[in-house]
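J.: Below: sequence and its predicted model.
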Amino acid sequence: MFEVTFGDCHCRSPFSSSPNSSLLCPRSAPCSGDGGTAVPSSHQDRLPGRSGPRENPLAYTIRGFRSPKGEVNQSSFLRSLWKDSGYVPPKPLLNLSSQQAEGAPVEPGGGGARMGVMGLGDSMSSNNSLQKEMGVGGTLSAEPYPYILNEPLKCRESTPFLILLIAAEPRQTDARNAIRQTWGNESVAMGLGFVRLFMLGTGKSSDTFLQRSIEEESRVYHDIIQQDYMDTYYNLTIKTLMGMNWVATYCPHVSYVMKTDSDMFVNTEYLIQKLLKPELPPKQRYFTGYLMRGYAPNRNKDSKWYMPPELYASERYPIFCSGTGYVFSGDMAQLIYQASLGIRRLHLEDVYVGICLAKLRIDPAPPPNEFLFNHWRVSYSSCKYSHLITSHQFHPNELIKYWNHLQSNKHNACINMAKEKNSRYRHRKFHAERS
């Protein structure tokens, strides 16, 4: 990540090492009702020097920073939900993995519209020696690590409609409990079949008390899978592949899977009813989320996002979905895991899954509208949150607070919002007439 100074503002991009580009930090409306502090997470999306998570991000592309302004027209109703926060999300873009896979050539002069991944073939063929996979996060094995905790019988009696794979750290007990009470509760998908799984590695070997508490938590809730690898940022790819392998092994006929993080707000009901639509036949070879297009590997050795050229030689990544939350059809778990066995491990989990998709020649599909998946914190209103799927960086206490508020207001959320706007308008008009 490099830092750019513009006046009193400091901004960083995790995906480029170039110090020569300048930018103006975007204005961002404060998160109304923020009562907690964002917890550290695997997918950080913050701007240094700011008081809270960003809501109006600048996306770094191969051409530089791209502002989310000036996008295509969407539903006027949905746009009105976001207008008060000053946010216009980036337009979801189609993947061209059919031209990216196996290092396929690109059309000359295609510019940004055709993004062949030069060197992707090298990345997929250079994985024969585990010694070559050392240096970024330690040894990354292609084979599953042994299970410490497992739930192999989750799908034995019936096949669920949806599995939630939630990446969590061993110490995040409060976050897991908050999710169990809110968007990860089985009540959100009554009658459909719903499985919640927290994916964990191990903490420090000396912390036996922590491990015993996790095992007790597992006995109570039966929703933790844990393998014997160190739970660190650099092993997030291992964690995700653990989840993919679990689905492929123990629940291969599930309709849909969502992978997300422990600091996320997920509107599970909206995900099911508006995106997955259980009344329709399940999709196949389907993958969607917040599409990340045109991102360049970070070559700054001091960055946690550093990508050595010897591990990934291309000048840009294939299109991938933000690891904060993506959704895929059940058949994709086995396909992605099998593809991963022929691809050198990279520590950037969401990028790595994108490379697997490129190898499979499967394009991530843009979501039905641009407001559904958000890899930053969206300022809360019950109207906006009743029409999105993900929002990032929630403290457990905040998650419970806003979830409960949404549940009690979701049926009249936007009606109340319209009333509040009319009331504010009348109030301003009254005072203007008196002055």
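T.: Sure, I can see it. Computed from a predicted structure; not experimentally measured.

J.: When you work out contacts or count neighbours from here on, use the C-alpha atoms and nothing else.
T.: Fine.

J.: Secondary structure class of residue 313, three-state.
T.: Classification of residue 313 by DSSP: H, G, I helix; E, B strand; the rest coil places it in coil.

J.: Quick check, residue 225 in contact with residue 154.
T.: No. Residue 225 is beyond contact range of residue 154, at 11.3 Å (criterion: Cα atoms under 8 Å).

J.: So which of these two has more stuff around it?
T.: Each of residue 225 and residue 154 had its neighbours counted (other Cα atoms under 10 Å), and the higher figure belongs to residue 225 (22 against 18).

J.: would that one count as being in a helix?
T.: No. Under three-state DSSP, residue 225 falls outside any helix and is assigned strand.

J.: mind listing what it touches?
T.: Under the criterion of Cα atoms under 8 Å, 6 or more residues apart in numbering, the contact partners of residue 225 comprise 147-151, 197-200.

J.: Buried subset of the residues you listed as a PyMOL selection?
T.: What follows is the PyMOL syntax selecting those of these that are buried according to 16 or more other Cα atoms under 10 Å:
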select buried, resi 149+150+151+197+198+199+200
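
J.: Pipe the contacts of residue 225 into JSON lines and attach pLDDT, distance to residue 347 and secondary structure per row.
T.: JSON lines is the format used below for the contacts of residue 225 (pLDDT from 0 to 100; distance: Cα to Cα, whole Å; DSSP: H, G, I helix; E, B strand; the rest coil):
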{"residue": "147", "pLDDT": "97", "distance to residue 347": "21", "secondary structure": "strand"}
{"residue": "148", "pLDDT": "97", "distance to residue 347": "22", "secondary structure": "strand"}
{"residue": "149", "pLDDT": "98", "distance to residue 347": "23", "secondary structure": "strand"}
{"residue": "150", "pLDDT": "98", "distance to residue 347": "24", "secondary structure": "coil"}
{"residue": "151", "pLDDT": "98", "distance to residue 347": "26", "secondary structure": "coil"}
{"residue": "197", "pLDDT": "99", "distance to residue 347": "22", "secondary structure": "strand"}
{"residue": "198", "pLDDT": "99", "distance to residue 347": "20", "secondary structure": "strand"}
{"residue": "199", "pLDDT": "99", "distance to residue 347": "16", "secondary structure": "strand"}
{"residue": "200", "pLDDT": "98", "distance to residue 347": "16", "secondary structure": "strand"}
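
J.: Columns distance to residue 394 on top of the contacts of residue 225, output as a markdown table?
T.: Output for these, formatted as a markdown table (distance: Cα to Cα, whole Å):
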| residue | distance to residue 394 |
| --- | --- |
| 147 | 29 |
| 148 | 28 |
| 149 | 27 |
| 150 | 27 |
| 151 | 27 |
| 197 | 19 |
| 198 | 17 |
| 199 | 18 |
| 200 | 19 |
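
J.: of all the contacts of residue 225, which comes closest to residue 167?
T.: The nearest member of the contacts of residue 225 to residue 167, counting by Cα to Cα, is residue 199 at 5.0 Å.

J.: Tell me which residues touch that closest one, please.
T.: Contacts of residue 199 were listed using Cα under 8 Å, 6+ apart, and they are 165-168, 224-226, 239-240, 242-243.

J.: Mind checking which of those land in strands?
T.: Where the contacts of residue 199 overlap with strands, as defined by DSSP state E, the overlap consists of 165-167, 224-226.

J.: In CSV: those, plus pLDDT and distance to residue 184.
T.: CSV is the format used below for the ones in strands among the contacts of residue 199 (pLDDT from 0 to 100; distance: Cα to Cα, whole Å):
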residue, pLDDT, distance to residue 184
165, 99, 10
166, 99, 9
167, 98, 13
224, 99, 13
225, 98, 15
226, 98, 18
